[in-house]
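A.B. asks: coords please:
(2 chains)
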Number of protein chains: 2
Amino acid sequence: MGSGFETIRLLGDGVELIDQRLLPGRLEYIHTRDWRELVQAIKGMAIRGAPALGVAAAFALVLAAREGAAGVSGSRAAGPEGGAGGGPAPAEPSARAAVEAAVREAAQAVRASRPTARNLFWAVERMLRAAEAFAEPSAAGLVRRLEAEAQAVLEEDVAGNRRIGEFGRDLISDGDGVLTHCNAGALATGGYGTALGVIRAAFEQGKRFRVFVDETRPLLQGARLTAWELVQEGIPAILITDNMAAHFMAQGAIDLAVVGADRIAANGDTANKIGTYGVAVLAREHGIPFYVAAPFSTVDLSLKSGREIVIEERGPEEVTTVAGCQVAPTGVLVHNPAFDVTPARYISAIITDRGLVRPPLGENLKRLAQAG
Amino acid sequence: MGSGFETIRLLGDGVELIDQRLLPGRLEYIHTRDWRELVQAIKGMAIRGAPALGVAAAFALVLAAREGAAGVSGSRAAGPEGGAGGGPAPAEPSARAAVEAAVREAAQAVRASRPTARNLFWAVERMLRAAEAFAEPSAAGLVRRLEAEAQAVLEEDVAGNRRIGEFGRDLISDGDGVLTHCNAGALATGGYGTALGVIRAAFEQGKRFRVFVDETRPLLQGARLTAWELVQEGIPAILITDNMAAHFMAQGAIDLAVVGADRIAANGDTANKIGTYGVAVLAREHGIPFYVAAPFSTVDLSLKSGREIVIEERGPEEVTTVAGCQVAPTGVLVHNPAFDVTPARYISAIITDRGLVRPPLGENLKRLAQAG
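C.D. replies: Below is the predicted model:
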């Protein structure tokens, strides 16, 4: 039992994805064959969540490849066709070059879309490596190769999430109160979810527990997306505002916290949705374990610590308006960092698709990277 | 210098108060001569903030007294007037009794309106004591006495806030980042404010600093009210969502936190707007002093500790909707405690109108109570 909906998928005639900005009010899909529109969807957060951004990035490169191939075949259709002879058509190398150029252009735009999610950069690199490694001159072949690679990114993500669920589910016990922040669910991934994958897997074991859902201002991904996913699955969910978590910890209502990750540095420092760091500090103060759930592709060994993670600053209107309504006076300054960094010392374990990583996180992440 | 607006005032023909639910979009006043409407304004949070609720409670009892007097004189107008002789009119004792009955009825309703604010109960008790101590049989005299007492509650509150400002202003230094939560400003009091009184007083000294304003979900009193007050005064304000405070503490941008209080137990445990406790824990983790600013009338020596403070649970729609828009799926459960309790050990000092109370808070509050 998965999530009952598909966050994003690659079709013959484009990419289809849920417009998450409209949830929970409306379940509507965006359908596009233009990689620029998909990049806009990423920037505008119609799709979000580090693993889902990895998939979207890969799919954007497929759309670019198809456009590159079509554009060349389109212009070729107007000009002379390739020679009738059996030898390699003289137009073919330039058709492939057109595909590669389109993919490179899209890769550039995808990389510039949102700076923090590791998986987005990882997926772009993986697609470019696949393109480079593809030795044949055929443009159509290259497109097919990239389609297969992107589809693999999606499928491996879902499979990885299920492994995360298996590695993490025993951390949740019958009767627990589980706190989560933002949305690290099926909507944030190719499907199933990371933090919500752990929760789904524990629920599938027959355990019964309650999930406290931080609403997660400013964009309310907890209220809009996580609560929606949990209600769909019939997993008991209690929605709270972000500033209530400490109160419920003090009341003894919360037994563990589990969140996703946007980027994990080599030492285990973790960037995730703004507010995560506060949850981690509060959890430690109350003796509550704090877990990060993420595929290993979120780990960025090139960064020594969280200090090197670039934190995206988003527009003030996300804070000053809610659902289109202005809630703050004109003239007030706003800070709106989309993420914060939780130092490794607050993290009880990182639940990855390669296993549970316990402290010392830096050492154990390195070992796992070498093993993988 | 002051606040430039009057939160609530007693007029000859009723009570006028700002409808704080409409801020910052519209500055509109409610005008009523019916104490029941004023109690509804308290319940519905057109007016809020513990000291302001104390003033509103006193004013509600004045409206009831006036109604009691008018009702009796109304019915007496239809019946026989008091004897023409010089002796005490036989109708007078019952006229006074009607005023007292109306005041008692309103007192009951005010006490049942919101459970957590100490000042509301304190003001009701004070008004009832004034009525009891008023020895003359005149109903009109009793009304005038209660008007004077209620006006004193307001004026003493403003004067007390100015003393709080004087006692607290040296805690803020030039160049500081000051975090505040919810609204403990002129709007939360008779005028000037408690936490914002400290901030105003430091600003009036010529110090220049930045105030980080927690937006304070669910009702956004920080975004709507505190930011509005600070913008009006020209005090530099930076609006953040509640879950960003930890991030800015870690960045070194915040040097102290100062908040108001709804009720302070004998040991110093403090109930204040939900989210305050989290701020206090985070402040300690980052070595940042955490101050509570409140008039001494907020202290409830009848409560040994914060465990005895009744925490109001409000409706789920405050969390599931923002500005009338539904932001959560149907079917999700909600918890919505309006307050939390910060244990005394997290509080660096309580700034009262009688002086700065340092730890051990219980001992020093007791000493100050006896001195007062």
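A.B. asks: need the residues of the stretch 101-250 of chain A near chain B, please.
C.D. replies: A:181, A:213-218, A:220, A:223-224, A:227-228, A:230-231, A:236-248, A:250 (CB under 8 Å from any CB of the partner chain). Every residue, glycine included, has its C-beta placed from N, CA and C.
A.B. asks: any residue of the strand or helix carrying A:V279 up close to chain B?
C.D. replies: Take DSSP states H and E as the rule and A:V279 turns out to sit in helix A:276-285. Yes - against chain B, helix A:276-285 shows contacts by CB under 8 Å from any CB at A:277-278, A:281-282, A:285.
A.B. asks: count of residues packed around A:L282?
C.D. replies: Per other CB atoms under 10 Å in any protein chain shown, the neighbour tally for A:L282 reads 27.
A.B. asks: now swap in A:I309 and tell me
C.D. replies: Around A:I309 there are 21 residues (other CB under 10 Å).
A.B. asks: so who does it touch?
C.D. replies: A:I309 makes contact with A:116, A:263, A:265, A:269, A:271, A:300, A:303, A:339, A:341, according to CB atoms under 8 Å, 6 or more residues apart in numbering or on different chains.
A.B. asks: rewinding a little: which of the residues of the stretch 101-250 of chain A next to chain B fall in strands?
C.D. replies: A:213-214, A:237-240 (DSSP state E).
A.B. asks: between the residues of helix A:276-285 next to chain B, which is nearest chain B?
C.D. replies: If you rank those by distance to chain B using CB to the nearest CB, A:G278 comes first, at 3.4 Å.
A.B. asks: low-confidence stretches in chain A?
C.D. replies: A:1-3, A:72-93 (pLDDT under 70).
A.B. asks: secondary structure element for A:A271, which one?
C.D. replies: With DSSP H and E as the test, A:A271 turns up in strand A:270-273.
A.B. asks: strands paired with that strand, and their directions?
C.D. replies: In the sheet, strand A:270-273 lines up against strand A:263-265 (antiparallel), strand A:339-342 (antiparallel) (DSSP bridges).
A.B. asks: out of these, which gets nearest to A:A150?
C.D. replies: strand A:263-265 (21.2 Å; CB to CB).
A.B. asks: hang on, the earlier thing: what's in contact with the strand holding A:A271?
C.D. replies: Under CB under 8 Å, 6+ apart, the answer for strand A:270-273 is A:116, A:181-182, A:216, A:221, A:259-264, A:276, A:292, A:294, A:306, A:309, A:311, A:338-342, A:344, A:347, A:350.
A.B. asks: just the ones in helices from the residues you listed, please.
C.D. replies: A:221, A:276 (DSSP state H).
A.B. asks: now, of the contacts of strand A:270-273, which are buried?
C.D. replies: For the contacts of strand A:270-273, a burial check counting by 16 or more other CB atoms under 10 Å in any protein chain shown picks out A:116, A:181-182, A:216, A:221, A:259-264, A:276, A:292, A:294, A:306, A:309, A:311, A:338-342, A:344, A:347, A:350.
A.B. asks: could you verify my assumption that A:L230 touches A:V213?
C.D. replies: Yes - here A:L230 reaches A:V213: they are 6.9 Å apart, a contact under CB atoms under 8 Å.
A.B. asks: overlap in contacts of those two?
C.D. replies: Common neighbours of A:L230 and A:V213 (CB under 8 Å, 6+ apart) are A:237, B:332.
A.B. asks: which of the two has more neighbours?
C.D. replies: A count of neighbours by other CB under 10 Å puts A:V213 above the other of A:L230 and A:V213, at 29 against 26.
A.B. asks: right, and the more buried one touches A:T226 too?
C.D. replies: Yes - between A:V213 and A:T226 a contact is recorded at 5.0 Å, counting by CB under 8 Å.
A.B. asks: common neighbours of these two, please.
C.D. replies: In contact with both A:V213 and A:T226: A:180, A:237, using CB under 8 Å, 6+ apart.
A.B. asks: where does A:G362 fall, secondary structure wise?
C.D. replies: Element membership for A:G362 (DSSP H and E) is helix A:361-371.
A.B. asks: tell me the helices and strands packed up against that helix.
C.D. replies: Helices and strands touching helix A:361-371, by 3 or more CB pairs under 8 Å, 6 or more residues apart in numbering or on different chains; DSSP states H and E, are strand A:349-352, strand A:355-357.
A.B. asks: closest one to chain B among those?
C.D. replies: Between those, strand A:349-352 lies closest to chain B; by CB to the nearest CB that is 19.9 Å.
A.B. asks: grab the nearest non-local neighbour of A:A64.
C.D. replies: A:A106 (3.4 Å; CB to CB, 6 or more residues apart in numbering or on different chains).
A.B. asks: next: A:P51.
C.D. replies: In space, A:P51 is closest to A:T189, 4.0 Å off (CB to CB, 6+ apart).
A.B. asks: just the CA coordinates for the helix holding A:G362, please, in PDB.
C.D. replies: Once non-C-alpha atoms are left out, helix A:361-371 reads as follows in PDB (Å, rounded to 0.1, in the frame of the first residue of the first chain):
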ATOM      1  CA  LEU A 361      27.500  10.500  12.300                       C
ATOM      2  CA  GLY A 362      30.500  11.800  10.400                       C
ATOM      3  CA  GLU A 363      32.400   8.600  10.800                       C
ATOM      4  CA  ASN A 364      29.500   6.300  10.100                       C
ATOM      5  CA  LEU A 365      28.300   8.300   7.100                       C
ATOM      6  CA  LYS A 366      31.800   8.000   5.600                       C
ATOM      7  CA  ARG A 367      31.900   4.200   6.200                       C
ATOM      8  CA  LEU A 368      28.500   3.800   4.500                       C
ATOM      9  CA  ALA A 369      29.500   6.000   1.600                       C
ATOM     10  CA  GLN A 370      32.600   3.700   1.000                       C
ATOM     11  CA  ALA A 371      30.500   0.600   1.400                       C
END
